[in-house]
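# Dropping the sequence and predicted coords here.
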Amino acid sequence: DQMSLQSIVLGGGTPTLLDASQLARLCTQIAATFPNRIADGFVASFETTPELATPEKLAAFRLAGFNRVSIGAQSLADEDLLLLGRSHQRADVLGSFRQSREAGYDNISLDLMLGFPGHVLSRWEETVRGAIDLSPDNVSINPLMVGYYGGSEYLEHLTRRGHCRPPFKERTEMFRYAADSLLAAGYEKVLNFVFSKPGQGFLYERDAFALLDNTVGFGAGAQSTLGGEVCIHFPIISEYIRNPFMQRMVSKLRDQVRHFFRMG
């Protein structure tokens with residue numbers, strides 16, 4: 001039987017690096033491989049950085065059928081964006097959000113980062129207040145994670161420059177401030193670090209992070225759950241391809257993923 005799709009998520013990186021023709025080819029392939037979609041509440045979402053969310057790219061994704069955009073703002077404080085090595089500034093975040101609304105997206109998510117070296121509560125409060133003023137439909141708070149997915153070189157670099165990671169107590173206070181502020185503004189807590197306006201929660205996030213069947217993730221670092229098995233794919237491409245779980249999943253879904261893996 002053909003699988004029915006509840007949502008398509010293009011992200012974990014910068015899909016807006018694709019040009020219009022590449023995006024069209026990708027979407028055509030997805031439509032041919034997964035023709036059945038759940039009509040009610042179907043969401044096609046993509047991630048972008050503020051500097052890549054140009055009116056032309058936003059229009060191209062809307063034309064391709066995407067109705068949700070997740071903007072990797074990370075912060076609304078220029079000093080923090082500099083610490084994070086981002087190439088955008090606060091003004092770019094505000095501009096990309098406005099342009100997304102103008103392009104017709106009625107579901108916009110803002111990604112914010114918490115607890116990186118040099119981060120302080122006062123600037124975090126500035127970011128949270130600024131995010132609420134924009135009134136996004138979803139807010140995702142991403143604590144800095146170090147370990148399996150890397151980050152140690154980044155920490156060492158900032159430490160050498162004299163920037164320290166906030167202590168656990170301060171990071172907890174940061175999250176509590178964000179949670180209290182978002183709840184007071186009418187948002188609902190969908191997951192530990194995800195807040196949404198009533199009725200705007202993204203089922204993919206709930207299902208993927210709750211490890212519910214069936215979330216199929218393609219690409220290094222993605223997460224999949226299938227037939228009672230859970231796998232967080234290796235972030236290294238060569239290891240991802242050799243992953244036994246991925247091989248079993250491809251076998252189960254051979255017809256559906258034939259175009260992606262050129263198997264058959």
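Perfect, I can see it now. Treat the numbers as computed from the prediction; the structure is a model and nothing was measured.
# What is the least confident helix or strand in the chain?
Within the chain, confidence by mean pLDDT, DSSP states H and E is lowest for helix 254-261 among all helices and strands, at a mean of 46.
# ok, and for stretch 181-189, which residues are buried?
Neighbour-count burial for stretch 181-189 flags 181-182, 185, 187 (criterion: 16 or more other C-beta atoms under 10 Å). C-beta: built from backbone N, CA, C; applies to glycine.
# contact partners of that stretch?
With contact meaning C-beta atoms under 8 Å, 6 or more residues apart in numbering, stretch 181-189 is reached by 128-129, 132, 139, 179, 195-198, 201.
# Output that stretch as CSV, restricted to C-alpha atoms.
Extracted C-alpha coordinates of stretch 181-189, given in CSV (Å, rounded to 0.1, in the frame of the first residue of the first chain):
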residue,chain,number,x,y,z
SER,A,181,6.5,34.6,29.1
LEU,A,182,5.2,32.5,26.3
LEU,A,183,2.5,30.9,28.4
ALA,A,184,1.4,34.4,29.6
ALA,A,185,1.2,35.5,26.0
GLY,A,186,-1.3,32.7,25.2
TYR,A,187,1.1,30.0,23.8
GLU,A,188,0.7,26.4,24.8
LYS,A,189,3.6,24.1,25.6
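# what is the mean pLDDT for it?
Mean per-residue pLDDT for stretch 181-189: 96.
# Can you show me the strands along this protein?
4-5, 7-10, 36-37, 43-48, 68-74, 108-114, 138-143, 188-191, 194-196, 223-226, 229-232 (DSSP state E).
# looking at those, which is closest to Met174?
The closest of these to Met174 is strand 108-114. By C-beta to C-beta, the value is 5.3 Å.
# Looking at the strands of the chain, which one is packed in the most?
Comparing the strands of the chain by mean neighbour count (mean count of other C-beta atoms under 10 Å), strand 68-74 ranks first with a mean of 25.
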